[in-house]
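[1] Fold the stuff below for me.
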Amino acid sequence: MRNRLFKNYYSRFVLNVISASIILFAFTSFLVYNTIILEDNKENINLYSLILFLLLGIVAFAITFIFLERKRHSYIEEIYMGIERMSKGDLNSKIESKGDDELSMMAFNINIMQDTINKLILSEKESEKTKNELITNIAHDLRTPLTSIIGYLDILVNNKNLPEDKKQDYLGIAFEKSKKLEVLIEDLFSFTKMNYGDELAVNKERIDLIELLNQLVSELYPLFENNDLECSIQSNVNSLILNLDPKLIVRLFENLINNAIKYGKDGKHIIIKIKNNKELDNVEVSVINFGQLIPEESLKKIFEKFYRVDNSRTSATGGTGLGLAIAKSIVELHGGDISVKSDTDGTEFKVVFKTNI
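    Residues are numbered from 1 along each chain as shown. Modelled structure (predicted):
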C-alpha cells in the first residue's frame with residue numbers, strides 16, 4: 001500500500017512537470033516564432049530578447065505547475081489546519097479523506113490516530129474513575145472488619161469479668177473478620193501485580209483435582225451452613241491427576257464458590273461438576289448455583305476488574321470486585337479457559353483445563 005501511494009505521488013509529480021514543460025516549450029516557441037516573423041529576420045533577435053523569452057517561459061511554467069497542484073496545496077493546508085486543531089485539544093474534529101492518494105491516506109491515518117487518542121483518554125478517565133472507586137471500596141472493605149476486630153478485642157481486653165462463653169464467641173467473630181481481612185488484602189495484592197503487568201507466580205505439581213476440591217468443600221462447610229446452603233460434587237471419574245499449582249487452584253475455586261455462595265443463597269444448593277473428556281484431552285469443572293440470574297449485559301463484563309453485578313455494598317455481597325478477575329487470570333496462567341452462562345437452569349461458571357498441561 002505504501003509503495004503504491006509513493007509510486008502514485010511521484011507519477012503525478014512527474015506528469016505535472018512534463019505538462020508544465022510542454023506548455024513552457026510551446027509558449028517560448030510561440031514567442032520566438034512570432035518575434036522572428038515580426039522582425040522578419042531571426043538574426044535581429046538579440047540576447048536580451050532571448051532572456052526575456054526564457055523568463056516569460058519560466059513564469060508560464062510556474063503558473064501552470066501551481067495551477068495543476070493547487071488542489072493538492074489546498075488539501076495539504078486543510079490537513080495542516082486539522083492537525084493544528086487537534087494539537088490545541090480539539091480531538092472531535094475530523095479531516096475529510098478525499099480521493100485515493102497519499103494525502104487522503106494521510107488524512108485517514110490521522111483520523112485513526114485521533115480515534116485512538118480519544119479511546120486512550122476515555123480509558124484513562126475510566127481508569128482514574130475505577131482507581132477512585134477502588135480507594136473508596138478499599139477504605140470501606142478494610143475498615144468494616146477492622147472496626148469489628150478492634151471492637152471485640154477491646155471488650156476482651158477491658159472487660160475482665162466477661163463470661164468464658166462470651167469470650168469464645170467474641171474471639172471467634174474477631175477471627176472470622178481477620179480471615180475476611182486477609183482475603184481482601186490478598187485480592188488487592190494480586191490485583192497490584194496484575195495491574196502492573198506482573199504475572200502471579202505459578203509452581204505446578206502433580207495433584208489430584210478431585211481430592212483438592214473435596215477438601216476445599218469440607219473446609220468451606222461452615223460458610224455453606226451459615227448461608228443455609230448444600231454443596232455437592234459430581235464427577236465421572238474418581239481421581240484426576242493434573243499438573244497444576246495447588247495454591248492458585250484452591251484460590252481459583254475458592255473465589256468461584258464464594259461467588260456462588262454470595263449470589264446463590266436463594267437456590268439452596270451449589271453443584272460442582274467435574275467431567276474428564278478423554279476424547280478432547282480436557283477437563284471441565286463447573287460451579288453451578290441456582291440463585292439470582294446474571295443479566296445478559298453483565299455476562300460480558302463479569303470477569304473485568306472491579307465489575308460488580310449489583311451496585312450495593314452490603315455485607316452479603318460486598319467486596320473488591322476482583323475475585324472473578326483473579327480467577328480468570330489464574331485459569332489463563334494454566335493455559336485454560338473460563339466462561340459463564342446464566343439461565344433458568346442455573347448460573348454456571350465453567351473452567352476447562354487441558355489434561356496434558
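
[2] from here on, contacts and neighbour counts on C-alpha atoms
    Fine.

[3] Mind giving me the packing neighbours of the helix or strand hosting L171?
    Assigned by DSSP states H and E, L171 falls within helix 164-195. Secondary-structure packing of helix 164-195 (3 or more C-alpha pairs under 8 Å, 6 or more residues apart in numbering; DSSP states H and E): helix 102-158, helix 323-333.

[4] Please point out which parts of the shortest one sit buried.
    When you say that, I think you mean helix 323-333. Under the neighbour-count criterion of 16 or more other C-alpha atoms under 10 Å, helix 323-333 has 323-331, 333 buried.

[5] taking the mean pLDDT, what do you get for it?
    Predicted confidence along helix 323-333 averages 86 (mean pLDDT).

[6] Just want the angle from it to helix 164-195.
    Comparing the axes of helix 323-333 and helix 164-195 via axes from the mean of the first three to the mean of the last three C-alpha atoms, to 10 degrees yields an angle of 50 degrees.

[7] Does anything pack onto helix 323-333? Which helices or strands?
    Packing partners of helix 323-333 (3+ C-alpha pairs under 8 Å, 6+ apart): helix 164-195, helix 246-263, strand 337-343.

[8] Can you convert those into TSV and add a column each for mean pLDDT, distance to I76 and mean neighbour count?
    Shown next, in TSV, are the helices and strands packed on helix 323-333 (pLDDT from 0 to 100; distance: least, C-alpha to C-alpha, whole Å; neighbours: other C-alpha atoms under 10 Å):
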stretch	mean pLDDT	distance to I76	mean neighbour count
helix 164-195	78	42	15
helix 246-263	89	57	19
strand 337-343	91	50	17
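
[9] Just put the helices and strands packed on helix 164-195 in a markdown table and tack on distance to N289.
    Formatted as a markdown table, the helices and strands packed on helix 164-195 follow (distance: least, C-alpha to C-alpha, whole Å):
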| stretch | distance to N289 |
| --- | --- |
| helix 102-158 | 25 |
| helix 323-333 | 15 |
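
[10] Within the sheet, what are the partner strands of the host helix or strand of V352, with directions?
    Using DSSP H and E, V352 falls within strand 346-354. According to DSSP bridges, strand 346-354 forms sheet pairs with strand 282-289 (antiparallel), strand 337-343 (antiparallel).

[11] SS state for N276?
    Classification of N276 using DSSP: H, G, I helix; E, B strand; the rest coil returns strand.

[12] Ok, L242 next?
    The three-state label given to L242 by three-state DSSP is strand.

[13] Just give me the neighbour total for G82.
    20 (other C-alpha atoms under 10 Å).

[14] Cool, thanks, signing off.
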